[in-house]
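> Mind looking at a prediction? Sequence and model below.
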Amino acid sequence: MAVNRVRVLWSGTPVIGDGLSTFNFDSSTGTAQQQATAVGTFLTSTNDRRSTTCTWTIDTDVHTLDLGTGALQAITTVSSAQAAGTAAGDMIPFATQGLLRLFTPTIVNGRLLQGRLFLPGSVEADSNGGPTGTYMSDYDAAGNALAGDASTSWVVWSRTHAAFSAISQASTWNKWAVLRSRRD
């Protein structure tokens, strides 16, 4: 078994250096192009929650990776998509991001298999100490639409346990998150 990795490259003012988001899919459900298109639909539907200075581009290479080792098995070239956010106004601090929690029904090694997706480029209008209800609703709807896409199977992948599971629910956390690298 294998997973397909669709990568999104972030640039603009809210991203120090270049940013990267990774979406994993069951490689046996849908084509790499369908998976990249589904990610593009998710991002496009949430452009109104990102600053006009934040841009995203879907990488044209979708990597097929071995479930257990993460070894590269194939590269499929897909059509790229890109856009910028449409939210006007001041951004919240660069390190502060939204957090989409990804839930699965699978238990691996005695723990629920879960994932998360950090959401850069938020603006102050979407903050009232934490994300506003509208912000959370928009990302919840987009995340659950991607999880429910009949042409693809968006998954959480644990390379450590050589397991993946389809996402059953996406839910935006009601607090802002900070993404730190392991090198900090």
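Perfect, thanks for sending it.

> How far does stretch 65-82 stretch from one end to the other?
Its first and final residues considered, stretch 65-82 spans 24 Å by Cα to Cα, to the nearest Å.

> Counting residues, name the longest strand you see in the protein.
For the chain, the strand with the greatest residue count under DSSP state E is strand 96-108.

> Do you know the pLDDT at residue 47?
At residue 47, the model reports a pLDDT of 97.

> Please list all residues in contact with it.
Counting by Cβ atoms under 8 Å, 6 or more residues apart in numbering, residue 47 touches 83, 84, 85, 86, 87. The way it works is simple: take the backbone N, C-alpha and C, and place the C-beta from them, glycine included.

> Give me the neighbour count for residue 88.
Neighbours of residue 88 under the rule other Cβ atoms under 10 Å: 10.

> Now do the contacts for it.
Counting by Cβ under 8 Å, 6+ apart, residue 88 has contacts 52, 123.

> With residue 159 instead?
Contacts of residue 159 (Cβ under 8 Å, 6+ apart): 67, 68, 69, 70.

> now these: which count as buried?
Using 16 or more other Cβ atoms under 10 Å as the burial test, those include residue 67 as buried.

> Look at residue 141 and give its secondary structure.
helix (DSSP: H, G, I helix; E, B strand; the rest coil).

> State the distance from it to residue 103.
Noted for residue 141: a distance of 16 Å to residue 103, by Cβ to Cβ, to the nearest Å.

> out of the two, which sits in the busier spot?
Neighbour totals were compared for residue 141 and residue 103, and residue 103 leads with 17 against 14 (other Cβ under 10 Å).

> Ramachandran angles for the residue positioned nearest the centre of the chain?
Nearest residue to the geometric centre of the chain (Cα atoms, centre = their mean): residue 117, 4.6 Å. Backbone torsions of residue 117, given as degrees, to the nearest 10, read phi -130, psi 120.

> What helix or strand is residue 36 located in?
If you go by DSSP states H and E, residue 36 is part of helix 32-45.
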